[in-house]
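Peer 1: Provide a 3D model corresponding to the input given below.
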Amino acid sequence: MTAPSDARARGTRLPRVRRRRQLLSAAQEVFVARGYHAAAMDEIADRAGVSKPVLYQHFPGKLELYLALLEEHSEALVEKQREALESTDDNRRRVAASFQAYFDFVAGDGEAFRLVFESDLRNLPAVREKTEQTFQRCAELIGAVIRQDTSISDEEAHLLSIGLVGMAETSARYWLNNHGAVPKDAAEQLVARLAWRGISGWDLQRRADEQDS
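Peer 2: Numbering: from 1, shown residues only. Now for the predicted structure:
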C-alpha cells in the first residue's frame with residue numbers, strides 16, 4: 001500500500017499554518033470517505049503522516065477538526081456566491097452565475113460539499129447552527145439583489161431567495177449524485193433558466209396584481 005500523496009515523514013517540521021493545512025486535508029479525506037462517526041483520529045494522523053500527539057497539538061479532538069473544516073468550506077461557498085453576484089450587473093447572468101457557484105462547489109475536489117450539505121452531525125447544535133447560517137448568508141446575498149432590483153418587500157425578497165438557494169443546492173447535489181448524466185454546463189443552464197423565467201417576471205406580475213386589486 002502506498003502512502004497518501006500529502007503524507008510526510010513523521011518528525012518533519014512544518015510551519016504551523018502549513019501543518020494545520022496538512023492535517024485538515026487529511027481529515028477531510030477521512031471524513032468524506034467514512035463519515036464523522038466512523039472516522040478515527042489514528043487514521044487521520046496516519047493519513048497526514050504525523051503522530052497522534054502532533055495532531056492533538058493542533059486540534060484537541062475530532063469534533064474540533066470537523067468544525068474547522070465545516071467553517072472553512074462554508075466560508076468558501078458563501079464567497080463563491082458573493083463573487084457570482086458581483087461578477088456582473090446583468091441580472092440574467094447573475095442568476096446563471098449564482099447557480100454555477102453551487103455546481104462548482106459540489107463538483108469541487110475532495111467532495112467538501114458533503115461536509116456542508118450531508119453532514120451526519122446535523123443534530124449537533126454547533127454543526128446545525130453553522131450549516132443553517134451558511135444557507136441564510138447565501139440567501140441574504142441573493143435577497144439583497146432582489147430587493148435592489150425589484151419593488152417587492154424585504155420579506156418577499158427573503159422568501160424568494162430562500163427558494164432559489166434551496167433550488168440551487170438540491171439540483172446541484174442531485175446532478176452530482178446521478179454521476180453528471182447531464183453535462184455540468186447544460187445542467188447549470190437548465191436550472192438557471194427555470195429560475196430566471198420565474199424571477200424575471202416578478203415585477204410585471206406584481207403590477208398586474210396591484211391593478212387588479
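Peer 1: how many other residues sit next to Ala157?
Peer 2: Neighbour count of Ala157, defined by other Cβ atoms under 10 Å: 22. Every residue, glycine included, has its C-beta placed from N, CA and C.
Peer 1: Now that we're looking at Arg82, what pLDDT does it have?
Peer 2: Listed pLDDT for Arg82 reads 97.
Peer 1: ditto for the one 5 residues further on
Peer 2: pLDDT, Ser87: 96.
Peer 1: got a list of what it touches?
Peer 2: For Ser87, the contact set (Cβ atoms under 8 Å, 6 or more residues apart in numbering) comprises Arg93, Arg94, Ala97.
Peer 1: Can you tell me which of the residues you listed is closest to Ile199?
Peer 2: Of all the contacts of Ser87, Ile199 sits closest to Arg94, with 9.9 Å by Cβ to Cβ.
Peer 1: what's the burial count for the residue nearest to Glu118 when sequence neighbours are not counted?
Peer 2: Leaving aside its sequence neighbours, Glu118 sits nearest to Arg173 (Cβ to Cβ, 6 or more residues apart in numbering; 7.8 Å). Neighbourhood size, Arg173 [other Cβ under 10 Å]: 18.
Peer 1: Could I get the full set of helices for the protein?
Peer 2: Along the chain, counting by DSSP state H, helices occupy 16-34, 41-48, 52-58, 62-86, 91-107, 113-117, 125-149, 154-177, 184-199, 202-212.
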